[in-house]
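Visitor: here is my input; please provide its structure:
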Amino acid sequence: MRWREENRALFAACLDGLEDDPTVCAMQEIPQHVKGVSCYDHSLFVAYVGFTLCRACGLDYRAAARAGLLHDLYLQHWEQTDVGRLRRLTLHPRLALQNARAFGLSPMEEDIIGKHMWPLTVTPPRYREAYLVSLADKLCALAEMARLYGPLDVRRNLGGCAAALRRGTVL
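Guide: Numbering: from 1, shown residues only. Just a heads-up that it's a prediction; the model follows:
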């Protein structure tokens, strides 16, 4: 993946500090698909890939970035529940949407979050952006499970982009 400076700066501007909100940061404590990648890491990766896909297609990349970051805001340690793996796939989008509504979502952002597990969610997405963020979610999960998160240097490339923008430094 090529990490373009202009993309990272625009991506950070779209998030507008959302990535630093304490509720969003709580995802750092939630494990995700593989050891060493948190729910926050995964969500930031999905947000960037969704943002990039939507920008390339001339779609609402801001909504994709914001909803991509919030798409897994379920804040649940699944290993501490009796919810099975299959049930989690359909339950977590609803939990994430419920939590994300505190951030004043647009209808498109709600659709992206609530239906990011399509086709497992019965109702298909209403917006093209939701299909692309759903695709980004699956691509990022595959990259993580294939142990490509580290070689792609995702954490370094995305973790510092918003902080650098706030400092006014070039990425």
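Visitor: please count neighbours and contacts with C-alpha atoms only from this point.
Guide: Fine.
Visitor: so is residue 122 in a helix, a strand, or just coil?
Guide: Recorded secondary structure, residue 122: coil (DSSP: H, G, I helix; E, B strand; the rest coil).
Visitor: what about it, neighbour count?
Guide: Residues lying near residue 122 (other Cα atoms under 10 Å) number 10.
Visitor: number of residues surrounding residue 119?
Guide: The local packing of residue 119 (other Cα under 10 Å) involves 13 other residues.
Visitor: looks to me like it is in a strand.
Guide: No - read with three-state DSSP, residue 119 is coil and lies in no strand.
Visitor: what about the strand or helix carrying residue 68, average pLDDT?
Guide: Using DSSP states H and E, residue 68 falls within helix 61-70. Regarding helix 61-70, the rounded mean pLDDT is 96.
Visitor: can I get the CA coordinates of that helix in PDB?
Guide: What follows is helix 61-70, C-alpha atoms only, in PDB (Å, rounded to 0.1, in the frame of the first residue of the first chain):
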ATOM      1  CA  TYR A  61     -15.100  10.100   1.700                       C
ATOM      2  CA  ARG A  62     -15.700  12.100   5.000                       C
ATOM      3  CA  ALA A  63     -18.600   9.900   5.900                       C
ATOM      4  CA  ALA A  64     -16.600   6.800   5.000                       C
ATOM      5  CA  ALA A  65     -13.700   7.900   7.200                       C
ATOM      6  CA  ARG A  66     -15.900   8.700  10.200                       C
ATOM      7  CA  ALA A  67     -18.200   5.700  10.000                       C
ATOM      8  CA  GLY A  68     -15.200   3.400   9.200                       C
ATOM      9  CA  LEU A  69     -13.600   4.500  12.500                       C
ATOM     10  CA  LEU A  70     -16.800   3.900  14.400                       C
END
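Visitor: no further questions, thank you.
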